[in-house]
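A.B. asks: Just the structure for this:
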Amino acid sequence: MRSPSLHRSVLVSLFLAAFATTASARELLADFVKDVAAPPSDIVDRRVVLPAPEELAVASRTQARALETRWSELNGWIVESDIAVDADGPLALAILTPGPVEWIWTLTDPSGTAVDLASGVSRERRDGLVEVGGASGDRVELIAARAGRWTIRAVASERARSNPPGETWLLARSAGAARLVAHASTVETRTDVELALVARFEDAGRVQGVHGTAVIQRASGALVLELQDDGAHQDGLAGDGTFGATLPRGTSGDVRARIELNGTSADGAPIARTVQIAFPVIERQLLLTGVADATLVGDGRVRIRIEAVPLGSDTKILAAAEVWGTNADGRLVPVCWLARMQEPRGSAGLIDCDLALDVRWIEMANARAPFVLRRVRVQDPDTQVPHDLASEIAFAMPSIPASVEPVPLLPTTSMLQGTTSAIPAGSQTLGTRTLLTPTLALVHGYCSGGSIWPAAHFSQPKIEFLDPNANRTHDQFALLLRQAMSARSSFGVVAHSQGGQAALHLYTFYASGLDTALGPRLIQSVGTPYQGTPLASLGGFSCGVNNDMTTTGGPVWLSTIPTWAREKVFYWTTQNSGSACNFLASLVLGDPEDGTTEMVLGQLPGANSMGHVNGWCHTTGMSNPAQYTDATRNAERNAQAAR
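C.D. replies: Numbers count the residues shown, from 1 in each chain. Coordinates of the predicted model:
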């Protein structure tokens, strides 16, 4: 069998031949790009380590059924289905349609007894129509449902034959603790990599007769794959309870998959769970050659050049790597982590991915040759998918003159963020005097319809960032925010939802007025899904799938954010008091949640949690007031905000 290193060298040779023509030099991104670094502790704590595929799993206690609508001259539009209830207790049901539909429900329990929901029996309660984004649902909740197989029949008698309900789904969530956990088999979701969907039951005890399917939505139609536990579909060992389904070669674009597992519990009750996952499959744009070199530049920095072969069109990338050196005992020790946004430049069929190393990191680590780069990654900043990874690349460090300055006890700002200055971008000069305009930026989130922040809650000078009804990546969002604030010498941010991630991304990778702001709290956020949200995988909601906020893409993005940047964030999470913020969202999210963001996934390790608050939902139209309208907390944010 050919060794991985030999296999890579053969590929590099082939691609070099294909790209032998001289390429014109590329300009790097503008001067506002930061040379990002993180201390060894961020490597040891895995803050800046790419997560493993199983860490990106989506978990669900819900089952979903696609319903076929049929017309009855006697009754109208009818849908029917059965559902598996694996434990006695509450049962929540919802029929989901593109627009509002009033359904007349009939439920039949496992004994064949029909439950009359109109009888007012105390063990049932019913609520009316609920909307999430562009979808509406009619819901039913049973306080006490018996385990077994239930039958659901619903009639939309008020709709004419010419007015069908449209695409219709049944969502069900029972009291059973079993979860379906599913993920892609690799973070390298590229067209040249074999990809599989992997799924398993958790918290289910012993489940017998497990079987399932993965339904892949494509432009050409749905593809149904059987899940296998045979050890041949990237599912681990045969018979280990983990199932896999391999995607067809050539799969590309946005993958939307509905994964379902079914089985029987040790008590004989049926179990069914469904997970919706979404991830992009991209074309590889470059191939690392395994070669790197380093050159000392004049400002006490070493330019590390990582060589790559271009395979596609010019593209913006994020390059990152750990620097390791050798200590006095001859052992490799972490020196620092480096990252930089860039447009690679090069010639003669090769391109350079550049990183900048402040030589003081070497002194602080008391490191010497030999040096290596570890966990090298070059990824697409808009999908978070790596174009290529390398576990280790050796390189020769240039001779470094002895420093005349003492080694700092702690990393300096220039060691962490480079020497890029943001001041010229946000200041005006009058003769020899600089006019400063410190400002508070109020930032909305994903797909916001417009202004959300109560004007009276925040004092001038302030600017409300507006990009209505948009679905942006974190990088796109951050650059738009920077542009909107470019006339201000300094600013702090109060953000809702994705606005918090965009502000953190901006502060990490680009120089802006955030770097010159003064005040206790640089970035304050509420309801931000820093580790993703399952709702981001549901393309039918609001403005479509956002890969940066899925539970697949979110943690990959977060692994590019060092602790020094996270420490500038002060964040709140909230939940409903009483009824769920949104019934449909509550069938997908894990408690506690605010209708969009789960409390556990709203945490930002290394940042400043300001607490979890009851009685506030993510946005308007939910059971409790929108979390960004809280006058008390907004007054605190206004008073504490950096500007």
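
A.B. asks: can you pull out the helices in the stretch 251-400 of the chain?
C.D. replies: 360-365 (DSSP state H, counting those that start in this stretch).

A.B. asks: shaky segments in it?
C.D. replies: 314 (pLDDT under 70).

A.B. asks: what about the residue of the chain positioned farthest from its centre, distance to V155?
C.D. replies: In terms of distance from the mean C-alpha position of the chain, L74 ranks first, at 47.8 Å (Cα atoms, centre = their mean). Computed as Cβ to Cβ, to the nearest Å, the L74 to V155 distance reads 10 Å. Where you see a C-beta, it was placed from the backbone N, CA and C, and this is true even at glycine.

A.B. asks: Next, the most centrally placed residue in the chain: phi, psi?
C.D. replies: Geometric centre of the chain, nearest residue: G554, 1.8 Å, by Cα atoms, centre = their mean. Dihedral pair for G554: phi -60, psi -50, per degrees, to the nearest 10.

A.B. asks: which non-adjacent residue is nearest it?
C.D. replies: Of all residues not flanking G554 in the chain, G532 sits nearest, at 2.8 Å (Cβ to Cβ, 6 or more residues apart in numbering).

A.B. asks: Please list all residues in contact with the one you found.
C.D. replies: By Cβ atoms under 8 Å, 6 or more residues apart in numbering, the contact set of G532 is M549, T550, T551, T552, G553, G554, P555, L601.

A.B. asks: From Y507, how far off is it?
C.D. replies: 20 Å.

A.B. asks: Tell me how many other residues crowd the residue lying closest to A580 once chain neighbours are set aside.
C.D. replies: Computed as Cβ to Cβ, 6+ apart, the closest residue to A580 that is not its neighbour in sequence is S586, at 3.8 Å. With neighbours defined by other Cβ atoms under 10 Å, the count for S586 comes to 23.

A.B. asks: Quick one: residues contacting S586.
C.D. replies: So S586 contacts A92, A580, E593, G595 (Cβ under 8 Å, 6+ apart).

A.B. asks: And stretch 396-414, what's buried?
C.D. replies: Neighbour counts using 16 or more other Cβ atoms under 10 Å place M397, P411, S414 of stretch 396-414 among the buried residues.

A.B. asks: So for R472, what's the pLDDT?
C.D. replies: pLDDT for R472: 95.

A.B. asks: Is it in contact with L480, as I believe?
C.D. replies: Yes: between R472 and L480 there is a contact at 6.9 Å, judged by Cβ atoms under 8 Å.

A.B. asks: more crowded one of those two?
C.D. replies: Using other Cβ under 10 Å as the criterion, R472 and L480 rank with R472 on top: 20 against 16.

A.B. asks: burial measure for R303, as a count.
C.D. replies: So R303, with other Cβ under 10 Å, has 16 neighbours.

A.B. asks: how about it, what does it touch?
C.D. replies: With Cβ under 8 Å, 6+ apart, R303 has these contacts: A294, T295, L296, V297, D354, L355, A356, L357.

A.B. asks: Pull out the buried members of these.
C.D. replies: A294, L296, D354, L355, A356, L357.

A.B. asks: want to throw those residues into JSON lines with distance to W616?
C.D. replies: Converted to JSON lines, the buried ones among the contacts of R303 look like this (distance: Cβ to Cβ, whole Å):
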{"residue": "A294", "distance to W616": "51"}
{"residue": "L296", "distance to W616": "54"}
{"residue": "D354", "distance to W616": "45"}
{"residue": "L355", "distance to W616": "42"}
{"residue": "A356", "distance to W616": "43"}
{"residue": "L357", "distance to W616": "45"}
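
A.B. asks: Looking at those, which one is closest to P53?
C.D. replies: Comparing the buried ones among the contacts of R303 against P53 with Cβ to Cβ places L355 closest, at 25.7 Å.

A.B. asks: so what's that closest one bridging to?
C.D. replies: I304 (DSSP bridges).

A.B. asks: wouldn't it be in contact with R301 here?
C.D. replies: No: if you go by Cβ under 8 Å, L355 and R301 don't touch, sitting 10.0 Å apart.
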